[in-house]
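Asks: Next comes the sequence, and after it the predicted model I'd like to discuss.
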Amino acid sequence: MAIGRGRTAVEISSVTQVEEDPDGRVVSFASTTDSNGTLERRCGKRTGARMQVTTVVGDAVSTADIPWPGDAFVDGLQTGPLARCLREPGHHCTLHAFDATTGKMARNHYVLKAMAPLPGWKAPVFKKVSVKEDVPGAPVSTVWFDDRLVPVREELHTPQVRFEVRSTTREEALQPLASIDLFSRFFIPAPRELETLDRSAPLTFELAGTDGVAPTIIETDEQQVHCDGVVCRVTVTPRPIPPSPLCAGEVPAEVAPFLLPGPFVQSDAVEICDFARRAADGGDAATATINLTRAISRHVSVRHLSSVYDSALTVLRSGEGDCTEFALLAAASLRALGCPSRVVNGIVFVSDDGRGHQRFFGAHAWTQFWQDGRWYSMDAAFGHFDATHIALEVHDGSPSSGTSAMLGILSGLKVVSVRTSILPP
């Protein structure tokens, strides 16, 4: 697959193989994905109701033991489970679909809407199926399957844009199209001027869904949420990082996994460890994180949107990336120094993006680290964290750990109001 992202062509190719037993259940799988030269290999072997998955990105190797329900299948390759439940219009089922290219298991709802012709295709009948992941805010896609249950077209509608993926020839797929600024389609207008507000102090936002239902917003140590079914009131309170020793405080069991290296957060790589030590330059937590933020900003000197999802080690070597790559390099550096860290996906206020867009909230990624018993945020891409950062999901840095609900939340979110808040005594 070739994607035009800005002025750069992003080449993505993926090959997946599956071995089945006589009953059509997965025995093992192997997948290789090449994203602009970054190879990600993933393989798995099932034992009973568990799948042992090994992921290799560059020199980093990680393993995971994931549940494998009885209805699970490898999405896009195995058709037996769908064939058994989608026989006539109105038939529906819920199945666990595994994406071998990302390592993500999704619980999806499938409904056979119709048996109908598909314009532009010679076959007389296709199965038109709606697919929705079982997570709040996930969008609904429509997939057309041929008589072998091979998907030939998929559509995903959001209030801002309609996505369409269809089977075609390579020649047609690579025909030049009109330029689409997809990134800006998900900008959310700011309801008022925010430049004059003290963004280091707490701010409270009223967030609503375009469908009249309150959106799903997470809570963090810096973000409190109160929803009434129609709107959510979100208060973001930036906390100054304390001047205690970096990574001080006990690490509870639920936080400990965020200390581990991963395929995209290679905190055990010698290059990452050396960079982190030089960048932090000793000092307390407040000083070290300021130094680290500045060092990453200097090092990632080429900023663009052409990266698909580069690992921390790739970013360190290339010095290129967008906010996601900044967040991953910061997370890896913090883990190398002994601090649990995680990546946050959300939105942030932008006064002017330099491309004609002013005063909006746009998709963004930053980093949180565990210090003195709580999570603190740092934003290496912007150089600072303020109260206009609204978190929508947190994850360990792997692209497979984020949810598809992110797209649904962004497409259906609006910021109704913003006001200053007063901290409780």
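Replies: Alright, I've got the coordinates. Numbering: from 1, shown residues only.
Asks: Pull the contacting residues for the residue lying farthest from the centre of the chain.
Replies: Note on the chain: the largest C-alpha distance from the chain mean falls to Pro124, namely 38.1 Å (C-alpha atoms, centre = their mean). Residues in contact with Pro124 (C-beta atoms under 8 Å, 6 or more residues apart in numbering) are Pro117. To be clear about C-beta, it is placed using only N, CA and C from the backbone, and glycine gets the same treatment.
Asks: what do you get if the cut-off is 10 Å, keeping everything else the same?
Replies: Each residue near Pro124 by C-beta atoms under 10 Å, 6 or more residues apart in numbering is listed here: Met115, Ala116, Pro117, Leu118, Asp147.
Asks: Please indicate which of these are buried?
Replies: Burial by neighbour count, 16 or more other C-beta atoms under 10 Å: within these this picks out Leu118.
Asks: In strands, which of the contacts of Pro124 appear?
Replies: Using DSSP state E, the members of the contacts of Pro124 that fall in strands are Met115, Ala116.
Asks: May I see the contacts of Pro124 organised as a markdown table, with distance to Ser31 and pLDDT added?
Replies: Shown next, in a markdown table, are the contacts of Pro124 (distance: C-beta to C-beta, whole Å; pLDDT from 0 to 100):
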| residue | distance to Ser31 | pLDDT |
| --- | --- | --- |
| Met115 | 32 | 89 |
| Ala116 | 33 | 85 |
| Pro117 | 33 | 84 |
| Leu118 | 28 | 82 |
| Asp147 | 26 | 81 |
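Asks: From the contacts of Pro124, pick the one nearest Val15.
Replies: Asp147 (24.6 Å; C-beta to C-beta).
Asks: Please identify the nearest residue in space to that closest one, excluding sequence neighbours.
Replies: In space, and not counting its chain neighbours, Asp147 is closest to Ala123: 7.0 Å by C-beta to C-beta, 6 or more residues apart in numbering.
Asks: Next, count neighbours for that neighbour.
Replies: Ala123 has 11 neighbours, counted by other C-beta atoms under 10 Å.
Asks: and it, what element?
Replies: Element membership of Ala123 [criterion: DSSP states H and E] is none; it lies in no helix or strand.
Asks: is it true that it touches Ser167?
Replies: No: with contact taken as C-beta atoms under 10 Å, Ala123 and Ser167 are classed as non-touching, separated by 11.8 Å.
Asks: tell me the helices in the stretch 301-425 of the chain, going along the chain?
Replies: 312-318, 323-336, 405-411 (DSSP state H, counting those that start in this stretch).
Asks: can you put these in CSV and add distance to Gln52, mean pLDDT and mean neighbour count?
Replies: CSV is the format used below for those (distance: least, C-beta to C-beta, whole Å; pLDDT from 0 to 100; neighbours: other C-beta atoms under 10 Å):
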stretch, distance to Gln52, mean pLDDT, mean neighbour count
helix 312-318, 24, 91, 22
helix 323-336, 24, 96, 29
helix 405-411, 27, 68, 21
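Asks: Quick check: which of the ones you listed is nearest to Gly249?
Replies: Across the helices of the stretch 301-425 of the chain, Gly249 has its closest neighbour in helix 323-336 (13.8 Å, C-beta to C-beta).
Asks: So which elements touch that closest one?
Replies: Applying 3 or more C-beta pairs under 10 Å, 6 or more residues apart in numbering; DSSP states H and E, we find helix 323-336 packed against helix 270-280, helix 285-299, strand 302-303, helix 312-318, strand 320-321, strand 341-352, strand 358-371, strand 374-378.
Asks: now do 7 Å
Replies: helix 270-280, helix 285-299, helix 312-318, strand 341-352, strand 358-371 (3 or more C-beta pairs under 7 Å, 6 or more residues apart in numbering; DSSP states H and E).
Asks: Any buried residues in the last one, and which?
Replies: By neighbour count, and taking 16+ other C-beta under 10 Å as the criterion, the buried residues in strand 358-371 are 359-371.
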